[in-house]
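Enquirer: no sequence on this one, just coordinates:
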């Protein structure tokens, strides 16, 4: 399994002065985003289901000199989602940015192997949860910062048919549509909404997939022009840029961050 490049780049103040909420922040891309956003000057509120993971990442950010706190949050529970947004505003007085990274997945397999219960759970977390988060975040941004940005974490698997992860791909494609609709709706208010579509990324989920199907990451890399998987920090870099003022004229985009996978 090929290793990604290291991405421990020097901070440039990309998010100075901003308050950012990150869902799914206990591990993987979300944890990488928490570290990066804080290093780039944001005060961050981490949200996820597992308190031990949230506390560990929060302590790590603080030890590095950043400002961070957390809220235990289940994306399948809209009350919990709203409470996380409220906690960010309560702690920091405003909300400028949000990275809706949290999601769940299923083992790869054809459509007939997806149970109704699993389909409903994917919907509740990956689509309804992101919808609830966006609604609460946009309201908080409008009421406090006035202007801001939201980034949703989609997938390269949403950009075409996805026989390996059909239900997951469908939810992420629907998330792309929500992203575009929100961009059109809230752009006049100065709120930008974009999505990123990562390719193969060395998260816990992908490592588990590789253990169940040995060699799958190498096979995916062979169909990726850059011939490697991403480090979670590389995906976080794309989200940070879209949330920053340097992307001030970008909204409604679904940005592939996939090593070129979607073009082959």
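Expert: Ah, there it is. As the structure is a prediction and not an experimental result, all values here were calculated from the model.

Enquirer: what about residue 40, distance to residue 239?
Expert: As judged by Cβ to Cβ, to the nearest Å, residue 40 and residue 239 stand 11 Å apart. To be clear about C-beta, it is placed using only N, CA and C from the backbone, and glycine gets the same treatment.

Enquirer: and the two? Which one has more around it.
Expert: Taking neighbours as other Cβ atoms under 10 Å, residue 40 and residue 239 compare with residue 239 leading, 31 against 23.

Enquirer: doesn't residue 150 make contact with that one?
Expert: No - using Cβ atoms under 8 Å, residue 239 is not in contact with residue 150, being 10.2 Å away.

Enquirer: mutual contacts of the two, please.
Expert: Residues touching both residue 239 and residue 150 (Cβ atoms under 8 Å, 6 or more residues apart in numbering) are residue 99.

Enquirer: can you give me the helices for the chain?
Expert: 28-39, 51-63, 78-92, 116-122, 129-143, 166-186, 204-212, 216-222, 232-243 (DSSP state H).

Enquirer: nearest to residue 71, of those?
Expert: Smallest distance to residue 71 across those (Cβ to Cβ): 4.2 Å, for helix 78-92.

Enquirer: quick one, the closest one and helix 129-143 angle?
Expert: Angle, helix 78-92 to helix 129-143, by axes from the mean of the first three to the mean of the last three Cα atoms, to 10 degrees: 30 degrees.

Enquirer: so what touches helix 78-92?
Expert: 19, 21, 23, 43, 45, 47, 69, 71-75, 95, 98, 128-129, 132-133, 136-137, 139-140, 143-144.
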